[in-house]
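1. turn this into a structure:
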Amino acid sequence: MAHIQVPEGVPGIRSLVMYRPETGQHLYELAQVLLRGESPLSEGDRELIATYVSHRNDCMFCRNSHAAAARCLYGDDKNVVDEVLQDITTAPISDKLKALLHIAGKVQILGTAVTPEDITAAKWLGVTDRELHDTVLIAATFCMFNRYVDGLATLTPTDPAAYEEMGKRMTTLGYVLPQKTN
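-> This next block holds a predicted model:
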């Protein structure tokens, strides 16, 4: 049960956005820009970064919903999401993406945990300043989202099918304000 009175049966951040749409609108706009806006990183890779950070933060709602979106976006390669969560070092992703996820993991711990050596290693693999920027901002934003969702104890579904539907919605509609319930 949530720590505040949010719309009943509405999971995760959606219930918080509905509770306070004047702040939720800006959170959703930020998510839309970061995860669906223009970026040199694919939408799938950006969702994977959000998933990875949420996984490291033990935020089951954000991990499961963004993993579902990443799976939709990766299509036939959807298993890569679970392989990254199981062991990033052996996951079948590029070294460049591993470097970005490594940096996202450092941001999840503490922003100052990212070292000049991490950046040099990533740039050596071809990571651009824009990819670094977007990765760090996604990681930092999802730390906030994770704490928001879990700090207010929002509803976290246990049925994987619920997350599949969320993933489909996020990949087709993007991040839009939910309609108020009556």
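2. and the gap between the spatially closest residue to Ile4 that is not a sequence neighbour and Gly167?
-> Excluding the flanking residues, the one nearest Ile4 by C-beta to C-beta, 6 or more residues apart in numbering is Leu152, at 5.8 Å. For the C-beta atoms, the positions are set from N, CA and C on the backbone; glycine is no exception. Shown here: Leu152 relative to Gly167, a distance of 23 Å by C-beta to C-beta, to the nearest Å.
3. pull the number of nearby residues for the residue nearest to Ile4.
-> Using other C-beta atoms under 10 Å, Leu152 is surrounded by 15 other residues.
4. with the one 10 residues further on instead?
-> Neighbour count for Ala162, taken as other C-beta under 10 Å: 16.
5. for it, grab phi and psi.
-> Main-chain dihedrals, Ala162, degrees, to the nearest 10: phi -60, psi -40.
6. for it, what are its contacts?
-> Residues near Ala162 by C-beta atoms under 8 Å, 6 or more residues apart in numbering: Pro11.
7. picking that back up, distance of the residue nearest to Ile4 from Leu73?
-> From Leu152 to Leu73 the distance is 28 Å (C-beta to C-beta).
8. Val10 contacts Leu155, correct?
-> Yes: contact status for Val10 versus Leu155: in contact at 6.9 Å, counting by C-beta atoms under 8 Å.
9. confidence score at the residue nearest to Ile4?
-> In this model, Leu152 is scored at 98, pLDDT.
10. that one touches Met1, doesn't it?
-> No: using C-beta under 8 Å, Leu152 is not in contact with Met1; the gap is 10.6 Å.
11. work out for me the element Gln25 sits within.
-> Taking DSSP states H and E as the criterion, Gln25 maps to helix 21-36.
12. which strands and helices sit next to that helix?
-> helix 12-19, helix 43-56, helix 129-151 (3 or more C-beta pairs under 8 Å, 6 or more residues apart in numbering; DSSP states H and E).
13. residues in contact with the shortest one?
-> It refers to helix 12-19. 2, 4-7, 10, 24-25, 27-28, 61-62, 65, 145, 148-149, 152, 154-156, 177-178, 180-181.
14. mind redoing it with 6 Å?
-> Helix 12-19 has contacts (C-beta atoms under 6 Å, 6 or more residues apart in numbering) with 6-7, 24, 61, 149, 154, 178.
15. can you redo these as a markdown table with secondary structure and neighbour count?
-> Listed next are the contacts of helix 12-19 as a markdown table, based on DSSP: H, G, I helix; E, B strand; the rest coil; neighbours: other C-beta atoms under 10 Å:
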| residue | secondary structure | neighbour count |
| --- | --- | --- |
| Val6 | coil | 22 |
| Pro7 | coil | 16 |
| Gly24 | helix | 18 |
| Phe61 | helix | 22 |
| Val149 | helix | 26 |
| Thr154 | coil | 22 |
| Pro178 | coil | 16 |
